[in-house]
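S.K.: Following is a predicted model, sequence given first.
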Amino acid sequence: MRSNLVVIFLIIALTDVNSQSGINRIADKILLLDIKSNIEKYKQKTVTMKLKLKYVDNIFEKIVFYDRKNSDIEFDISSQGSPKHLKWNLLDLHEGLDYYVTFRITGVGNLNQINAELVKFTPCVLDKIP
(Lines give C-alpha, C1' and ligand atoms only; values in the text may rest on other atoms or scores of the structure.)
Protein backbone atom coordinates (compact mmCIF):
# COMPACT_ATOMS: atom_id res chain seq x y z
CA MET A 1 0.00 0.00 0.00
CA ARG A 2 2.79 2.40 0.89
CA SER A 3 4.67 1.71 -2.34
CA ASN A 4 1.48 2.50 -4.30
CA LEU A 5 1.30 5.90 -2.61
CA VAL A 6 4.92 6.60 -3.46
CA VAL A 7 4.31 5.71 -7.11
CA ILE A 8 1.21 7.91 -7.23
CA PHE A 9 3.12 10.82 -5.69
CA LEU A 10 5.94 10.42 -8.20
CA ILE A 11 3.51 10.40 -11.11
CA ILE A 12 1.87 13.55 -9.82
CA ALA A 13 5.24 15.22 -9.25
CA LEU A 14 6.47 14.37 -12.74
CA THR A 15 3.37 15.57 -14.58
CA ASP A 16 3.36 19.19 -15.63
CA VAL A 17 0.31 20.45 -13.76
CA ASN A 18 0.75 24.18 -13.24
CA SER A 19 -1.74 25.98 -11.05
CA GLN A 20 0.08 29.26 -11.66
CA SER A 21 0.78 28.82 -15.36
CA GLY A 22 0.78 32.57 -16.04
CA ILE A 23 3.38 33.14 -13.35
CA ASN A 24 5.41 30.18 -14.58
CA ARG A 25 5.67 31.54 -18.11
CA ILE A 26 6.76 34.96 -16.86
CA ALA A 27 9.14 33.55 -14.28
CA ASP A 28 10.89 31.31 -16.81
CA LYS A 29 11.52 34.06 -19.36
CA ILE A 30 13.08 36.76 -17.19
CA LEU A 31 16.79 36.70 -16.36
CA LEU A 32 18.61 38.76 -13.74
CA LEU A 33 20.89 40.15 -16.48
CA ASP A 34 17.79 41.44 -18.33
CA ILE A 35 16.66 43.24 -15.20
CA LYS A 36 20.10 44.83 -14.74
CA SER A 37 20.25 46.03 -18.34
CA ASN A 38 16.69 47.46 -18.19
CA ILE A 39 16.73 48.68 -14.60
CA GLU A 40 14.62 51.76 -15.31
CA LYS A 41 11.82 49.55 -16.65
CA TYR A 42 11.85 47.31 -13.55
CA LYS A 43 12.64 49.86 -10.84
CA GLN A 44 10.01 49.92 -8.05
CA LYS A 45 8.21 46.94 -9.63
CA THR A 46 7.49 43.57 -8.08
CA VAL A 47 8.84 40.62 -10.07
CA THR A 48 8.33 36.88 -9.65
CA MET A 49 11.11 34.67 -11.00
CA LYS A 50 11.92 30.98 -10.94
CA LEU A 51 15.26 30.78 -9.11
CA LYS A 52 17.33 28.12 -7.39
CA LEU A 53 18.47 28.48 -3.80
CA LYS A 54 22.24 28.88 -3.56
CA TYR A 55 22.63 29.20 0.20
CA VAL A 56 21.32 30.76 3.39
CA ASP A 57 23.76 32.57 5.65
CA ASN A 58 22.30 32.61 9.16
CA ILE A 59 25.22 34.57 10.63
CA PHE A 60 24.97 37.58 8.30
CA GLU A 61 21.26 36.92 7.70
CA LYS A 62 21.41 36.71 3.91
CA ILE A 63 19.73 34.40 1.40
CA VAL A 64 21.10 33.97 -2.11
CA PHE A 65 19.28 32.66 -5.18
CA TYR A 66 20.50 32.21 -8.76
CA ASP A 67 18.83 32.00 -12.16
CA ARG A 68 19.39 29.61 -15.06
CA LYS A 69 22.39 31.66 -16.29
CA ASN A 70 24.02 31.44 -12.82
CA SER A 71 23.51 35.12 -11.97
CA ASP A 72 23.09 35.63 -8.22
CA ILE A 73 20.72 37.83 -6.28
CA GLU A 74 21.13 38.32 -2.54
CA PHE A 75 18.45 39.37 -0.06
CA ASP A 76 18.68 40.65 3.50
CA ILE A 77 16.61 38.45 5.83
CA SER A 78 17.43 40.23 9.06
CA SER A 79 14.58 41.38 11.27
CA GLN A 80 14.75 44.88 9.76
CA GLY A 81 15.08 43.72 6.17
CA SER A 82 12.31 41.14 5.78
CA PRO A 83 8.74 40.46 6.89
CA LYS A 84 8.23 38.10 9.84
CA HIS A 85 6.39 35.47 7.75
CA LEU A 86 9.62 34.81 5.83
CA LYS A 87 11.28 33.52 9.00
CA TRP A 88 8.99 30.46 8.99
CA ASN A 89 9.88 29.72 5.36
CA LEU A 90 13.56 29.59 6.28
CA LEU A 91 13.08 26.49 8.41
CA ASP A 92 12.69 24.09 5.48
CA LEU A 93 15.00 25.24 2.68
CA HIS A 94 17.02 23.03 0.35
CA GLU A 95 19.98 24.24 -1.70
CA GLY A 96 19.52 23.70 -5.43
CA LEU A 97 15.72 23.47 -5.20
CA ASP A 98 13.64 25.70 -7.51
CA TYR A 99 11.62 28.47 -5.87
CA TYR A 100 9.27 31.14 -7.14
CA VAL A 101 10.84 34.24 -5.65
CA THR A 102 8.86 37.46 -5.52
CA PHE A 103 10.80 40.64 -4.86
CA ARG A 104 10.56 44.41 -5.32
CA ILE A 105 13.43 45.96 -7.26
CA THR A 106 14.89 49.15 -5.83
CA GLY A 107 17.83 49.68 -8.20
CA VAL A 108 21.36 48.59 -9.03
CA GLY A 109 24.20 48.94 -6.53
CA ASN A 110 27.74 50.24 -6.95
CA LEU A 111 29.05 46.74 -7.67
CA ASN A 112 26.43 46.21 -10.43
CA GLN A 113 24.25 43.96 -8.29
CA ILE A 114 20.46 44.19 -8.18
CA ASN A 115 19.16 45.80 -5.01
CA ALA A 116 15.80 44.30 -4.10
CA GLU A 117 13.53 43.55 -1.16
CA LEU A 118 12.36 39.96 -0.74
CA VAL A 119 8.56 39.70 -0.61
CA LYS A 120 8.03 35.92 -0.60
CA PHE A 121 9.30 32.64 -1.97
CA THR A 122 7.59 29.30 -2.46
CA PRO A 123 8.96 25.96 -3.67
CA CYS A 124 8.08 25.23 -7.32
CA VAL A 125 7.31 21.64 -6.40
CA LEU A 126 4.06 22.87 -4.81
CA ASP A 127 2.73 23.57 -8.33
CA LYS A 128 3.12 19.90 -9.21
CA ILE A 129 0.90 18.73 -6.36
CA PRO A 130 -2.84 19.05 -7.07
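M.R.: That came through fine.
S.K.: Local confidence estimate at D28?
M.R.: We have a pLDDT of 62 for D28.
S.K.: now the strands: where do they sit in this structure?
M.R.: Using DSSP state E, the strands of the chain run over 46-57, 62-66, 72-76, 98-108, 114-123.
S.K.: possible to save the ones you listed as TSV with mean neighbour count and mean pLDDT?
M.R.: Yep, even glycine has a C-beta here, placed from its N, CA and C like the rest. TSV is the format used below for the strands of the chain (neighbours: other C-beta atoms under 10 Å; pLDDT from 0 to 100):
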stretch	mean neighbour count	mean pLDDT
strand 46-57	17	93
strand 62-66	19	93
strand 72-76	19	92
strand 98-108	18	93
strand 114-123	18	90
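S.K.: Can you pull up the most central residue in this protein?
M.R.: Note on the chain: the residue nearest the mean C-alpha position is V101, at 2.6 Å, using C-alpha atoms, centre = their mean.
S.K.: Now do the contacts for that one.
M.R.: By C-beta atoms under 8 Å, 6 or more residues apart in numbering, the contact list for V101 reads 48-51, 65, 73, 118, 120-121.
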